[in-house]
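A structural model of the following input is requested.
(4 chains)
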Protein chains: 4
Amino acid sequence: MSLTGVLRPGHVAIRVLELEPALKHYTEVLGLTETARDQKNKRVFLKAWDEHDHHSVVLREADEAGMDYMGWKVDSPATLKKLAADVEKSKLCQDLAWIPAGEHPGTGERFRFTVPTGHAMELYAEKDRLGNNCGTDGPDINPLPWPDNLKGIAPSRFDHCLLYGDDLDGTCKVFRDVLGFGLSEQVLLKADPGTMIGAFLSCSNKAHDIAFIRQPVKGKFHHASFELGSWEKVLRAGDILSRHQTSIDIGPTRHGITRGETIYFFDPSGNRNEVFSGGYIYYPDKPPLTWYDDSLGPAIFYHDRKINESFLSVFT
Amino acid sequence: MSLTGVLRPGHVAIRVLELEPALKHYTEVLGLTETARDQKNKRVFLKAWDEHDHHSVVLREADEAGMDYMGWKVDSPATLKKLAADVEKSKLCQDLAWIPAGEHPGTGERFRFTVPTGHAMELYAEKDRLGNNCGTDGPDINPLPWPDNLKGIAPSRFDHCLLYGDDLDGTCKVFRDVLGFGLSEQVLLKADPGTMIGAFLSCSNKAHDIAFIRQPVKGKFHHASFELGSWEKVLRAGDILSRHQTSIDIGPTRHGITRGETIYFFDPSGNRNEVFSGGYIYYPDKPPLTWYDDSLGPAIFYHDRKINESFLSVFT
Amino acid sequence: MSLTGVLRPGHVAIRVLELEPALKHYTEVLGLTETARDQKNKRVFLKAWDEHDHHSVVLREADEAGMDYMGWKVDSPATLKKLAADVEKSKLCQDLAWIPAGEHPGTGERFRFTVPTGHAMELYAEKDRLGNNCGTDGPDINPLPWPDNLKGIAPSRFDHCLLYGDDLDGTCKVFRDVLGFGLSEQVLLKADPGTMIGAFLSCSNKAHDIAFIRQPVKGKFHHASFELGSWEKVLRAGDILSRHQTSIDIGPTRHGITRGETIYFFDPSGNRNEVFSGGYIYYPDKPPLTWYDDSLGPAIFYHDRKINESFLSVFT
Amino acid sequence: MSLTGVLRPGHVAIRVLELEPALKHYTEVLGLTETARDQKNKRVFLKAWDEHDHHSVVLREADEAGMDYMGWKVDSPATLKKLAADVEKSKLCQDLAWIPAGEHPGTGERFRFTVPTGHAMELYAEKDRLGNNCGTDGPDINPLPWPDNLKGIAPSRFDHCLLYGDDLDGTCKVFRDVLGFGLSEQVLLKADPGTMIGAFLSCSNKAHDIAFIRQPVKGKFHHASFELGSWEKVLRAGDILSRHQTSIDIGPTRHGITRGETIYFFDPSGNRNEVFSGGYIYYPDKPPLTWYDDSLGPAIFYHDRKINESFLSVFT
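Below is the predicted model of the structure:
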């Protein structure tokens, strides 16, 4: 975790145009498990098999696809209070608000704020633990390496989001200076190295927990990513996506940035998903890896060495 | 092998525009080994590490890229004589000729003929055995599973070619009726199922040893393919190709036809290469798998479910 | 296939002490599918998912574990007749008999004979085709790379058996001289290289379709082996075996002989099973690989470089 | 990193009986790179390819094999000072000492102390950065996913140690209460659940950075472990070990604890090494997984479900 006490991306709330086809995609194709439903607000809560907390994905039926917000689990109520105060003090964010406990099922109070790229973020310290069903003699006792009866692609975890927005410098400042994230990789303009156009940020030993690309928009969503254990599982994901005639954007391939082995695809509302494996172990004492925009091709899609048409133009 | 005694695709002769960059590609990137050079005819002979015979790839400097011919090893001189007579008797082929022993280094006499799609094929019974350098106490004694000092992608074998030509029915007749190949998979027109537009033919337990796509051309070369042992080696191949800035056509991905896990790329002269892994065990008592042209997308590239622009338009 | 027309190992008939636990093992853990039951003779017939024929494994309840016989599919009734005559003429085998069509469900007449090591073998030319359930628009039309709803380890095919017996030379003579198999690998005594103690025989492009180890016994069964597509599936097999507390003999590891990646385990009656992946493409024009008995360790278990206690002492 | 600022296991100092054979093992078989040599103290310093700091393994020629000490990189000189004071204040450790900067080449001052199981540990804040040679346009610029010219097994990083000692409770107290590690997994006596016999501790998102097994000894070394990227690389490691006739202890197999895919082997002095892949992402807000001693078999070696003879009896 970061020195400030941010543990991980704990949930992403995604807007979908119709709940039923979306649910079918996220449970049968992607292979998450539904853990709660909120009829009033047309929301469904889901988790991946190796997550212990109550949910990591929230689907909400709405008129427009995209991301409502992303939530970060912190290590204690004290950290939550401290970081909320720090965010407020920084004056970098807008729309600061406390969401009462229970608004998400099984979840304590959340502190919400909008970062300069226009994305709503949340911090929270408490969420019910449901476990991962691997224990054989009780929860967490003599566990199996993986549970029976997995469905679909069945990633182990929600891993990170990639988001598009304009004020990349401001948002980086929030994540680095206020929340204590490390900058693992960055994309700079060759002609103007002071201008960062991509930032990959980590609060852990993962190569990234969140990433931003500079685009002249506010609050846009490029993809939510889920972790697979191996390149062979990426192949299997591709096979499952094809079987369901799910629209694949690109892959299987490798990213230059983070080294991840990846496949991108779309949910029925056009929100991009990723499943990936691999990547290196990140430590915050390492200077960021730097890519220049004239190497953006291999940075994003290492094999093709060029970005596909949709990478910069299709987002929700 | 086929009941008629055809063992395997034994060599492919490829025309390249300049020998030196081609050699660099085939030895350092693809990772074949040079076994002989013919200065007079500007030819270089190469083999993959797990091939025992003297060579499987012949590069020849010429003004135009493409394939000169493909050679098939048969199990005995008697079979060679018998099949040559059968080819002649069939009257399906043209330009029948015997190439004297030694014209390829370390190779016995070859019987050459042109099949109805315009591709030159050869049969031969003898080629010197160089071995695969895995024996630890002499050739073929107490072998290692793989040799030290492999370079580049290092496929184990030359595996098959995919060729483009017009008279697909005629060529299929030669391979099936005269040479005893099985038809493992076929692509038919939905509107006119009597018209075959793709044929995948096997003289072995491999899903294909040669394949043809119907196109209004004569004697065209789509790709020569080389065998890797695993999907992880396909990823590694993609990484090596990118490192050398070799032009990748598509992949890593899966073929629907043959189930193979694949990556396509180009040599410096524009000839397409493939490295692949996987596929099923073929037996000649199985009816062919049939794809209809309205499923050509997933048949060729199973994940994308559509053929890329270059598949039908770029060949040599 | 062999030049004589032997296609593949088509079935293995295994004796089990109790049918119900055996069935549970072969269907839920190994993951074969039951295709027929013969109440009278207490037999169950099963197939692996990528086999097209009616069955490849026959379980029979009996007082003693072991192998009843192994069956080989040949390419035509004419071949069946011819090979039966050749076996008879060779005078190398005993207990020659014709089993009438229908004795195995969906199977034509079988010619049975006992080879010099005491193992009963069968040849047959006809078995009903059930297909592999991958076709999406009819059997064998626009197929998927793998079917939905696989259970347990789910190998693609029954692949080969390893058998123990005394007169190895006699049995090799039958397989090589009469049935046309190639000798892919052999183990010889260093002190007496004329004495072969292990023979690996192929009627295909697989590294082996059957193997024998010389032991002073008659008709003993070491293991029946099933094909997996990758080393990752061998790991998954180990996980599934452990989950079911199935007794694992050894592995995951690699064989020196055939290069296969393997795990050995026992069915509830003590019959050894193997699932494996990998191995090279065999061609009959290659001299056999030779191992000497002082390298038997790495030949059998390449990583440990020694055979485990059970390899030579535990069989049924 | 831990909330206290401990980043990672930064080095392990291993005693070897003869330097030259040890070096050959650690550079040619394991595939580390020598970065410095200290003739006077008969020490050699090495690093794995994806480590950026000057060294992670120190070999010292001595009369007895085993581990001299293990070093932990902390995030700043201030943290070093603070943690040194905390260790002192805890009164749990012995032989507290400051080692001057430069005693290890390229390394700042180190604070050394002996934990209750008798193992010497060090904290340090500074080590020269050599980088990982993946940058193409300067260090850390437009990097490759992996460098050319890797040798041997070539793990990416030194990952963790497993150590044997008596006062497990005391040592856990130091790591958890003073250094801020999380307990990811534990082994308890079924008959006496208050007695912990195995502790797996993490200062990161890895399933373990150090582990201890209770044994009636002081300061013993079970193994040093190095990270591979995939299960296929574990197979390749086994092949390379066998080729060099390196003594393999066990594997390839899976651990129940941490889920890691592993192979154990010995350096020429009898020190155990591990290379492994896989494992889950650990977060400190998760209760420890608990194994009881009657499940020690699957906990340690998940496939065999029993510990091998050497696991508890062979250490240095």
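
Around chain C, pick out the residues from the stretch 151-300 of chain A.
A:Ser230, A:Glu232, A:Asp239, A:Arg243 (CB under 8 Å from any CB of the partner chain). From N, CA and C alone the C-beta is placed, and that goes for glycine too.

So the last one sits against C:Leu144, correct?
Yes - using CB atoms under 8 Å, A:Arg243 is in contact with C:Leu144, at 6.1 Å.

coming back round to it: among the residues of the stretch 151-300 of chain A next to chain C, which are in strands?
Among these, no member is found in strands (DSSP state E).

Tell me the one of these nearest C:Arg272?
Checking these against C:Arg272 with CB to CB, the nearest one is A:Glu232 at 26.8 Å.

For chain D, see how far away that closest one is.
9 Å (CB to the nearest CB, to the nearest Å).

And for that residue, the neighbour number?
26 (other CB atoms under 10 Å in any protein chain shown).

and what of A:Lys40?
Residues near A:Lys40, counting by other CB under 10 Å: 6.

That one should be in a strand, yeah?
No - according to DSSP: H, G, I helix; E, B strand; the rest coil, A:Lys40 belongs to no strand; its state is coil.

That one and A:Glu61: what is the separation?
Distance of A:Lys40 to A:Glu61, given as CB to CB, to the nearest Å: 12 Å.

Mind listing the shared neighbours of these two?
Counting by CB atoms under 8 Å, 6 or more residues apart in numbering or on different chains, A:Lys40 and A:Glu61 have no contacts in common.

Given the helix or strand where A:Ala224 lies, what are its sheet partners and their directions?
Per DSSP states H and E: A:Ala224 is located in strand A:220-227. Sheet pairing for strand A:220-227, assigned by DSSP bridges, gives strand A:157-165 (antiparallel), strand A:272-277 (parallel).

could I get these as CSV with distance to C:Lys24, mean pLDDT and mean neighbour count?
Shown next, in CSV, are the strands paired with strand A:220-227 (distance: least, CB to CB, whole Å; pLDDT from 0 to 100; neighbours: other CB atoms under 10 Å in any protein chain shown):
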stretch, distance to C:Lys24, mean pLDDT, mean neighbour count
strand A:157-165, 33, 98, 24
strand A:272-277, 33, 98, 25
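
By neighbours, which of the residues of the stretch 151-300 of chain A next to chain C wins?
The most crowded member of those, judged by other CB under 10 Å, is A:Glu232 (26 neighbours).

for that one, what are its contacts?
Per CB under 8 Å, 6+ apart, neighbours of A:Glu232: B:Trp231, B:Glu232, C:Ser230, C:Glu232.

swap in A:Val178?
A:Val178 makes contacts with A:Leu83, A:Asp86, A:Val87, A:Ser90, A:Leu92, as judged by CB under 8 Å, 6+ apart.

what are the phi and psi angles of A:Lys81?
Per-residue torsions, A:Lys81: phi -60, psi -50 (degrees, to the nearest 10).

and the gap between it and chain C?
Distance of A:Lys81 to chain C, given as CB to the nearest CB: 43 Å.

can you check A:Pro155 too?
For A:Pro155 relative to chain C (CB to the nearest CB), the value is 16 Å.

hang on, isn't that residue packed against A:Leu228?
Yes - contact criterion CB under 8 Å: A:Pro155 and A:Leu228 qualify, at 5.4 Å.

How are the strands of the stretch 201-316 of chain A distributed by residue range?
For the stretch 201-316 of chain A, applying DSSP state E, counting those that start in this stretch gives strands covering A:210-214, A:220-227, A:248-254, A:261-266, A:272-277, A:289-292.

the strands in the stretch 51-200 of chain A, which residues?
In the stretch 51-200 of chain A, the segments counted as strands under DSSP E, counting those that start in this stretch are A:57-61, A:66-74, A:94-99, A:110-114, A:120-124, A:157-165, A:182-188, A:196-202.

one step back: mind listing the shared neighbours of A:Pro155 and A:Leu228?
Common neighbours of A:Pro155 and A:Leu228 are listed as A:Val275 (criterion: CB under 8 Å, 6+ apart).
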